[in-house]
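>>> Give me a model of this one.
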Amino acid sequence: MSQFRKILYVVIPWMMIHITALAGEPPTILAFGDSITQGGETFVCYRQVLVPELEKREVAVQFIGPRKDSTSAHAGYGGNSTHDLLGMAKDIYTRFPADFVLIHSGHNSFSKDKPVPGIIRDTEAIIDTMRKINPEVTILLAQAIPAGKLPKYSYIPELNKELASLTERLIQKGDKIILVNQADGFDWKTDTINDKVHPNASGAKKMAARWMETLLPLLEKK
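Residues are numbered from 1 along each chain as shown. Sure, this is the predicted structure:
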């Protein structure tokens, strides 16, 4: 871990000063997305599994973000599309410039609107925004979990293919980005609640395991 690993921001009335955090602080994680990231009273959020698992393994990390619940801080906003999240990305990441960003987004659009090209553009813009603020950020970009709420979410398989292509293109540009295949092995018939969208305990466990298998090797290098 470098001596000046992370950039923090302090707002003074007429300017913003960058303050470097000294080595020894744990790596920071920003979970960024919609209700599947935020969590809710009627379903299980992957953070409710991931955070305790990291703690159990004594992995030193700090989840940060503008919102907080009994599990961790986060940047999950229920009902928001990827375009909505783009509108908040600069402000959120300026205040919470995490070392790692976990992005799971793509729901809250409608198949009839043919949303995939727009979601991909907005996802790339989110990543570009964050990289301009912190060029050293590592992005973990999730392929969206499948949903049985059809035809609304029938575009998700196409979206996941395009997210894979986007990741390859950004890697070629030199971005620190890793595709996390949250779709593989996730079965909405057994892994979601009655709405056929949000994870149940089984689904949250699968999502947490996917994040974990990607995060652990990265955290060991810090």
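>>> Looks like residue 141 contacts residue 181 (just checking).
No - the pair residue 141 / residue 181 is not scored as a contact, 10.2 Å apart, by C-beta atoms under 8 Å. From N, CA and C alone the C-beta is placed, and that goes for glycine too.
>>> show me the contacts for the closest residue in space to residue 88 that isn't next to it in sequence.
Once flanking residues are discounted, residue 88 sits nearest to residue 77: 7.2 Å by C-beta to C-beta, 6 or more residues apart in numbering. With contacts taken as C-beta atoms under 8 Å, 6 or more residues apart in numbering, residue 77 has the following neighbours: 33-35, 37-38, 67, 84-85, 88.
>>> Okay, and which of those map to strands?
Filtering the contacts of residue 77 for membership in strands, criterion DSSP state E, returns 33, 67.
>>> top of the contacts of residue 77 by neighbour count?
Taking other C-beta atoms under 10 Å to define a neighbour, the member of these with the most is residue 37, carrying 27 neighbours.
>>> got any ranges where the protein has weak pLDDT?
Within the chain, the set of residues satisfying pLDDT under 70 comprises 1-24, 222.
>>> Show me which positions of the longest helix seen in the chain end up buried.
In the chain, taking DSSP state H as the definition, the longest helix is helix 201-220. Neighbour-count burial for helix 201-220, with 16 or more other C-beta atoms under 10 Å as criterion, is recorded at 203-212, 214-215, 219.
>>> is it possible to export the residues you listed to a markdown table including distance to residue 101?
Listed next are these as a markdown table, based on distance: C-beta to C-beta, whole Å:
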| residue | distance to residue 101 |
| --- | --- |
| 203 | 22 |
| 204 | 20 |
| 205 | 22 |
| 206 | 21 |
| 207 | 16 |
| 208 | 17 |
| 209 | 19 |
| 210 | 15 |
| 211 | 12 |
| 212 | 16 |
| 214 | 12 |
| 215 | 11 |
| 219 | 14 |
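>>> Pick the one among those residues closest to residue 51.
Checking the buried residues of helix 201-220 against residue 51 by C-beta to C-beta gives residue 208 as the nearest, at 8.6 Å.
>>> correct me, but the closest one touches residue 46?
Yes - taking C-beta under 8 Å as the contact criterion, residue 208 and residue 46 are neighbours in contact, 4.7 Å apart.
>>> ok, which stretches of this structure are strands?
With DSSP E applied, the chain shows strands at 4-12, 15-22, 28-33, 62-63, 67-68, 73-76, 100-104, 138-143, 177-181, listed in chain order.
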